[in-house]
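Trainee: Just need the structure, nothing else, for what follows:
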Amino acid sequence: MSRRQQSLENSPYLYVLDLIKFSTMRPDSATAMAAHSLAFKVGAFAHLPTSTSLLMIYSRAGDLGSSMALFSEILNKDVIAWNAMMTACNENSYFGDTVNFFVEMMKESRFDSSTLVIVVSALSNTNRLKHGRILHGLSVKAGMLIDTFLCNALMDMYAKCMDLSSSEFIFEKMLYRDIVSWNSMISGCLRNNYPEKSLWYLKKMASCGKDTDHVSLSCAIAASACLGELVIGQVIHGWGIKLGYDEGSHISVANSVISLLSQCGDIEAAEAVFRGLVHKDVISWNSIIDGFTSNRMILKAFEVLYEMVLSGSIKPDTVTLVTIIPICAELLLLREGRSIHGFAVRKGMGTDLSVTNSLMDLYLKCHKVKAAEHLFNSLSDRDLVSWNTVISGYSQNGLSREAQSLFKELLHQHWQCSLSTLLGILSSCSSPEYLQFGKSIHCWQIKMGFFNNILATNSLMFMYISCGEMKTSLSLLLQISPVADTACWNTLIVGCAQNGYFWKALETFNSMRRESNVYHDSITLVNVISACGNLGLMTEGKLLHGISFKTLEGSDIRVQNALITMYGRLGETESAKLVFSSSKNHNLCSWNCMISALAQNKEGKRAMELFSCLDFKPNEITISSVLSACTQLGMLRLGKQIHAYVFRFEFLGNSFISAALVDMYSSCGRLDIAVQIFENLTEKSIAAWNSMISAFGFHNNGQQAIRVFHEMIRSGTRPSKATFINLLSTCSHLGLIDEGMRYYDRMLDAFGVEPETEHHVCVVDMLGRSGRIREAYKFIKKMTVKPEPGVWGALLSACKYHGDLEIGREVAEILFQLEPYNVGYYVCTFNMYAGAGRWSDAADIRRIIAGKGLQKPVGYSLIDVGIG
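Mentor: Residues are numbered from 1 along each chain as shown. Alright, predicted model coming up:
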């Protein structure tokens, strides 16, 4: 007979023990101390059952320190005392101490199956799979696997550590399975993202004649929700009601039903179930809040959260916050996110790791990098999610060097990374300067075993395209071609389209169509349609329009918007209007695409008329397009109204809108207002600088334009292609030839801007205007690229102005071959001959115009009489 049994049978302290056991029903520090004092007073402390019960009172009162102190004073500890101490550690979430006590116990005492159950529970809560396997081996060696409780604990541990196959192995080997065994498998499959298996085990459980309980039913309904199987979930719910487990008496079943209905889109029914609950727990509130957020009803979610806070009976927990913060991040609701952050701090949840990780993601998506860095640096115990969130956030905010530096720090501190780490760091390699680092990540990916992962390969392909390595990206696609799906092909097509490889995007699309097991989707069409628009391919664009019309993708609003944009770029505004009119469900993007298409094609009046019929609240893109239309029409009155709207809704911080306002006021003759807007900008973008240079040039104030250019350089802003177009155009119109040539010569060497056709046109126009025709001709002949028609056209215009028939005739012949149906060149040549009195040559040109059926566009004037 053990000392503990002897104590229980012969002890005079049984009345003290009964009092202590009664105290454990409602433990608090005062009760624990009173019971401890009584035991000490009557000398019952050496009585093992009494001291063990005292230890548990302290633990359940939240005073683990006193439990440990009391345990250290017990002289002859038996297995039950050790088990009680480890249970106390588990109850207070000190799982590491549980393991430490077990190691110490192994040195001094024997253990039983209950000991192993307690330690396995601690390991399952800390995801320590390696140690769990050691405990499993110890259980086998000690012959304790006949204990059903131990087997259940091991199954639960393996499932929580994402090793479902080991859970199933133990389950199959069990001689006796209780309801906990079945529930462990049903919940384990659900936890490991195998909802089909979860339902299969429920079916098998029923076929074996085992009774289900509220845990089985809740997990099975949750599995139905994961699969989106509303009918199956309702059948299981009905079965549960028949067995007596309705939502009124079992809140866990009700919570699962709320999740099922909301995830299957029936949020009204979910809310009805929630409102019908007499007693709600925190999971009930969290389930309905999650339902509203997943159904994009963000305002309703905040209303329920506010109602939860006001109720007072149930307080929001970390799960509540982690449910609602991500939707704030997705919708860029910074103000609401900050409010939740403040609430978390006030309620003592600000240091919770999952909450902090969600907040960092929110701040990074809202471009508040400093706030996210402050949270990251304040974390004393970061997990891999913390690192991945900041690495990915740096990449999304264009801070590639910071992302790569943090990734290196992560590798120094943690040898194991995840797929999310790889995806986050690869997106930082977005330009050729990071190619070498991207290649090293590729090697690391192979080493870490992600070589055959489709997502990882897609990210690698996109990285290589962004870095200009098309061949490498194509070879990666070929390596996975047997298993490549639509997403793989889309990655290559999207990467090509976004990085300017438009022909390669179309070639890849043709290759994709030759594959028998892969079909294009709306994402594919959006990007190849965009490529056609950028390349000016009318025929191919119309073919793609036909393909989209024949398939279901034609009704996708994104495809329709891409078609409108493509036709706008091709100058086919009537086709764009037809697509827009045939669409049944317009969104704001549809209106923006149509207004922009009209504005781009100098149809400002129609753009303004369409804007007056807008069904949505305008955004920054709408305003930019409308301001462009006002600029074309010279409509200062409407421009001022748009400016007032911009000021009211705080859009002035948008770089495109501020630049468009400067353009509008400058074109409408109000240079003073344009200068005022520019000077009041807190952050001047490259677009704003370019607009101001153009404005001064347009108003014949070349010195001011040059001054603004030099001011821009001093501010650290890097000039763009458009900067030099505006600067050279200003020099050309004001006769600043030497300054203009100096800027052209320094473009590439000093600023890294490669001269393009527009710059060549400006230089030829600048030289031609000043009468330096031969110098302009030599400039064209020395060009390293083939001159575009616009370059020759600028020279022809100069020859007409200065009456240089010799070079003019040669240039005209070249242009007639390059663009035989451009009436402007024939008219210019006619005027050149007429101005020199060469009427016979002029008559020949007129006959050519008539023979080709060409007509000069009719000029027109505009008067603002109001629109609408």
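Trainee: Only C-alpha atoms from now on, for both contacts and neighbour counts.
Mentor: Fine.
Trainee: which residues touch the nearest residue to residue 521 once chain neighbours are set aside?
Mentor: Of all residues not flanking residue 521 in the chain, residue 553 sits nearest, at 6.6 Å (C-alpha to C-alpha, 6 or more residues apart in numbering). Shown in contact with residue 553 (C-alpha atoms under 8 Å, 6 or more residues apart in numbering): 521-522, 559.
Trainee: Of these, which is the most crowded?
Mentor: Using other C-alpha atoms under 10 Å as the neighbour criterion, residue 559 leads those with 24 neighbours.
Trainee: Now that residue: which helix or strand?
Mentor: Assessed by DSSP states H and E, residue 559 sits inside helix 557-569.
Trainee: quick revisit: rebuild the contacts of residue 553 as CSV, extending it with pLDDT and distance to residue 488.
Mentor: Shown next, in CSV, are those (pLDDT from 0 to 100; distance: C-alpha to C-alpha, whole Å):
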residue, pLDDT, distance to residue 488
521, 89, 12
522, 91, 14
559, 92, 19
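Trainee: which intervals of the stretch 101-250 of the chain have sub-threshold pLDDT?
Mentor: 109, 247-249 (pLDDT under 70).
Trainee: same thing but 90
Mentor: The stretch 101-250 of the chain contains residues with pLDDT under 90 at 101, 104-113, 125-129, 141-146, 173-177, 183, 202, 205-218, 225-250.
Trainee: now the helices for it?
Mentor: 113-126, 129-141, 148-160, 164-173, 179-191, 195-207, 214-227, 230-242 (DSSP state H, counting those that start in this stretch).
Trainee: For the helix or strand following the last one, which outside residues touch it?
Mentor: What it means is helix 230-242. Next along the chain after helix 230-242, taking DSSP H and E as the criterion, comes helix 251-263. Contacting residues not belonging to helix 251-263 are listed as 214-215, 217-219, 221-222, 224-226, 228, 230, 233, 237, 245-248, 267, 269-271, 273-274, 279-281, 283-284, 287-288, 290-292, 294-295 [C-alpha under 8 Å, 6+ apart].
Trainee: Averaged pLDDT, helix 251-263. What do you get?
Mentor: Helix 251-263 shows a mean pLDDT of 88 in the predicted model.
Trainee: Please identify the buried residues of the following helix or strand past that helix?
Mentor: Going down the chain from helix 251-263, the next helix or strand is helix 267-276, by DSSP H and E. Neighbour counts over helix 267-276 (16 or more other C-alpha atoms under 10 Å) mark 267, 270-271, 273-274 as buried.
Trainee: tell me the angle of helix 267-276 relative to helix 251-263?
Mentor: Relative orientation of helix 267-276 and helix 251-263, computed by axes from the mean of the first three to the mean of the last three C-alpha atoms, to 10 degrees: 160 degrees.
Trainee: what sits up against helix 267-276?
Mentor: So helix 267-276 is in contact with 254, 257-262, 284, 288, 291-292, 295, going by C-alpha under 8 Å, 6+ apart.
Trainee: CA-only coordinates of the host helix or strand of residue 50, as PDB, when you get a sec.
Mentor: Residue 50 is part of helix 48-60, with elements assigned from DSSP H and E. Output in PDB follows, covering the C-alpha atoms of helix 48-60 (Å, rounded to 0.1, in the frame of the first residue of the first chain):
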ATOM      1  CA  LEU A  48       0.500  14.200   0.700                       C
ATOM      2  CA  PRO A  49      -3.100  14.500  -0.400                       C
ATOM      3  CA  THR A  50      -3.500  17.800   1.500                       C
ATOM      4  CA  SER A  51      -0.300  19.300   0.100                       C
ATOM      5  CA  THR A  52      -1.200  18.200  -3.400                       C
ATOM      6  CA  SER A  53      -4.700  19.700  -3.200                       C
ATOM      7  CA  LEU A  54      -3.200  23.000  -1.800                       C
ATOM      8  CA  LEU A  55      -0.800  23.100  -4.800                       C
ATOM      9  CA  MET A  56      -3.800  22.800  -7.200                       C
ATOM     10  CA  ILE A  57      -5.700  25.600  -5.300                       C
ATOM     11  CA  TYR A  58      -2.800  28.000  -5.800                       C
ATOM     12  CA  SER A  59      -2.600  27.000  -9.500                       C
ATOM     13  CA  ARG A  60      -6.300  27.500 -10.200                       C
END
